[in-house]
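In: based on what follows, work out the 3D shape:
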Amino acid sequence: MDLRARLVEVGGELLDSEGLGALSLREIARRAGVSHGAPRRHFPTHLELLSAIAREGFTDLAARAEAALATGPAVPRARLGVLARVYLDFAVERRGRYELMFRHDILESGHLRLREKSLPLFRLLTDLVAQAAPPSSSSPEIVAGALWASLHGLAELWNWGSLTLATGATDPGALLEAALTAHLGPAPEATT
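Out: Numbers count the residues shown, from 1 in each chain. Sure thing, here's the model as predicted:
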């Protein structure tokens with residue numbers, strides 16, 4: 001593995017285990033076993049390193065979604081459920097990366113063209129919403145945006161422990177289904 005990739009890997013691991021406050025170029029260099037100046041050759045600014053870690057996060061999330069959907073159900077509503085679960089599981093398993101990926105300053109910076117990396121996931125969500133949603137006055141993009149906002153809020157509240165405290169839920173499955181129902185209506189009855 002080249003040094004650039006190793007620094008991104010170590011930075012992501014540090015971010016996931018200790019949060020953004022622990023993420024410094026010096027600490028990443030120490031954990032990667034290189035001099036404290038070595039990261040600057042690949043990442044002249046902290047923002048560039050954060051962008052590289054966020055990009056790796058989007059790549060990982062997209063790969064997880066693709067793999068789950070490749071072996072998952074064919075029905076669009078069920079596929080949305082699979083995608084929603086992948087999104088939430090990623091947010092829980094890679095909490096620091098997840099929070100970094102959606103920071104406005106990181107996305108707006110333009111480093112590593114993160115918008116181009118993140119938008120295909122939203123297009124996938126929009127396509128599935130277009131296939132699964134009943135006709136409404138709202139466009140699929142608007143419904144997908146509202147659903148994404150709900151999933152993002154659910155992920156954050158789940159990570160904070162607020163939803164478990166408020167609802168007693170030990171698994172977010174019912175909450176995910178409630179979010180889908182709120183935006184798409186009830187799931188169609190399965191035919192036998």
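In: least confident secondary structure element in the protein?
Out: None of the helices or strands of the chain scores lower by mean pLDDT, DSSP states H and E than helix 104-108, at a mean of 77.
In: residues in contact with it?
Out: With contact meaning C-beta atoms under 8 Å, 6 or more residues apart in numbering, helix 104-108 is reached by 47, 50, 51, 54, 100, 114, 115, 118. Bear in mind the C-beta positions are built from the backbone N, C-alpha and C, glycine included.
In: rerun that using 7 Å as the cut-off
Out: With C-beta atoms under 7 Å, 6 or more residues apart in numbering as the test, helix 104-108 has contacts from 50, 51, 54, 100, 114, 115, 118.
In: the third one: neighbouring residues, count only.
Out: Using other C-beta atoms under 10 Å as the criterion, residue 54 is surrounded by 28 other residues.
In: kindly report the same for the fourth one.
Out: In terms of burial, residue 100 registers 22 neighbours under the definition other C-beta under 10 Å.
In: from residue 89, how far out is it?
Out: From residue 100 across to residue 89, the span is 17 Å (C-beta to C-beta, to the nearest Å).
In: same check, this time on the third one
Out: Taking C-beta to C-beta as the measure, residue 54 and residue 89 are separated by 18 Å.
In: chain center to the helix or strand containing residue 52: distance?
Out: Applying DSSP states H and E as the criterion places residue 52 in helix 46-71. Centroid displacement of helix 46-71 relative to its chain, using C-alpha atoms, centre = their mean, to the nearest Å, is 8 Å.
In: counting contacts, what elements does the helix or strand following it pack onto?
Out: With elements assigned by DSSP H and E, the helix or strand that comes after helix 46-71 is helix 76-93. Contacts defined by 3 or more C-beta pairs under 7 Å, 6 or more residues apart in numbering; DSSP states H and E place helix 76-93 against helix 46-71, helix 114-132, helix 140-160, helix 173-184.
In: relative to the whole chain's centre, how far out is the shortest one?
Out: Read it as helix 173-184. For helix 173-184, the distance to the chain centre is 18 Å (C-alpha atoms, centre = their mean).
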